[in-house]
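J.: Provided below for reference: sequence and predicted model.
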Amino acid sequence: MKDSMASSGLATVDMRVQSLLRYPVKSMLGETVSSILVDEHGAEGDRRLALVDTATGHVASAKNARLWRGLLKCTANREAGRVRIGLPDGTSVAVDDPGIDELLSGLLGRPVRLIAQRPEGATLVRPDPEQLLKLGLDAEVSGRILEIAQATPGDAFTDEAPLHAITTATLAHIGVEALRYRPNIVIATPPDYPPYAENGWVGTEIAVGEVRLRVLTATSRCVVPTLEHGPLPRAPQALRIPAAENRWDTGGHGAQPCAGAYLAVASEGVIRVGDRVTIGG
């Protein structure tokens with residue numbers, strides 16, 4: 001893939017940052033920003049808070065849709081360094097409100113605690129996403145317990161790596177909104193750019209404006225993109241299409257449906273909407 005990209009000129013086509021997103025609270029809806037500082041810990045303010053299930057000790061993640069898909073009815077916004085959570089009834093509450101744990105526990109139907117420091121060895125439950133599509137979101141299916149953020153220094157609650165990017169070519173091909181895949185960087189590509197080209201970026205470096213990023217792996221997809229996101233309805237194709245077309249073994253667990261790429265920060269700086277993106281730059 002890398003050689004074919006280089007020989008066809010795909011590595012040098014005009015690509016730009018179309019949008020930037022961050023998600024202050026893990027598995028809640030996030031916000032779009034015009035610029036963002038990135039360093040080895042990821043994007044500033046991104047996934048710096050999470051809920052912990054006090055009954056199990058696992059981090060609450062909509063990957064376990066049976067328990068936590070209600071998180072995607074909430075929106076977290078970070079203004080002037082203070083995060084507020086927008087609730088389904090249209091009200092909002094600051095994350096440092098003394099009643100926040102009780103409020104969110106009542107909303108989600110399980111006892112939870114909001115935390116800002118990732119515990120050592122923090123884990124979440126990831127049921128088999130394709131089995132969830134087949135059997136229903138409330139089915140108790142087999143899966144894995146994952147230690148999160150193993151490639152992310154510091155306290156961020158990222159799934160695996162500091163940053164996640166996806167191209168408009170991949171999104172247009174699958175036919176879903178970017179926010180379903182929860183990327184930090186959406187990269188605008190020309191109309192003839194191939195979907196899933198992110199696979200071929202693995203092992204290369206990307207220049208995004210003044211920032212340099214290392215591409216670690218293709219991003220394996222869970223059930224989250226298929227779920228309701230606020231007012232957006234369910235979208236099973238967000239998993240079914242990559243499952244049929246683009247399976248990669250990204251971590252020793254067999255071939256997984258993939259879309260997008262995980263990134264590490266080689267040189268920190270500010271990324272802005274409109275910045276030029278160069279593969280191998």
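T.: Sure thing, it's come through.
J.: who's in contact with the nearest residue to T56 once chain neighbours are set aside?
T.: Spatially, and ignoring its direct neighbours in sequence, T56 is nearest to V125 (7.9 Å; Cβ to Cβ, 6 or more residues apart in numbering). C-beta: built from backbone N, CA, C; applies to glycine. Contacts for V125 were tallied using Cβ atoms under 8 Å, 6 or more residues apart in numbering; they are 56, 58, 61, 63-64, 143-146.
J.: same thing but 6 Å
T.: 58, 64, 145 (Cβ atoms under 6 Å, 6 or more residues apart in numbering).
J.: Can you flag which of those residues belong to strands?
T.: Judged by DSSP state E, the subset of the contacts of V125 located in strands is I145.
J.: So which of the contacts of V125 is surrounded by the most neighbours?
T.: Highest neighbour count within these, by other Cβ atoms under 10 Å: N64, with 23 neighbours.
J.: and the residue nearest to it when sequence neighbours are not counted, backbone torsions?
T.: Spatial nearest neighbour of N64, chain neighbours left out: V125 (4.6 Å); criterion: Cβ to Cβ, 6+ apart. Reported as degrees, to the nearest 10, the phi and psi values for V125 are phi -100, psi 130.
J.: tell me the pLDDT at V125?
T.: The model reports V125 with a pLDDT of 97.
J.: Tell me the bridge partners for it.
T.: Bridge pairing for V125 (DSSP bridges) gives the partners I145.
J.: quick one: it from V112, how far?
T.: 14 Å (Cβ to Cβ, to the nearest Å).
J.: what packs against the top strand by length along the chain?
T.: The residue-count maximum for a strand in the chain (DSSP E) belongs to strand 256-267. Where contact means 3 or more Cβ pairs under 6 Å, 6 or more residues apart in numbering; DSSP states H and E, strand 256-267 is packed against strand 163-167, strand 211-220, helix 237-245.
J.: Need the contact partners of the shortest one.
T.: Put plainly, it is strand 163-167. In contact with strand 163-167 (Cβ under 6 Å, 6+ apart) are residues 42, 181, 183-185, 187, 189, 219, 260-263.
J.: Filter those residues down to just the buried residues.
T.: Neighbour counting by 16 or more other Cβ atoms under 10 Å classes 42, 181, 183-185, 187, 189, 219, 260-263 among the contacts of strand 163-167 as buried.
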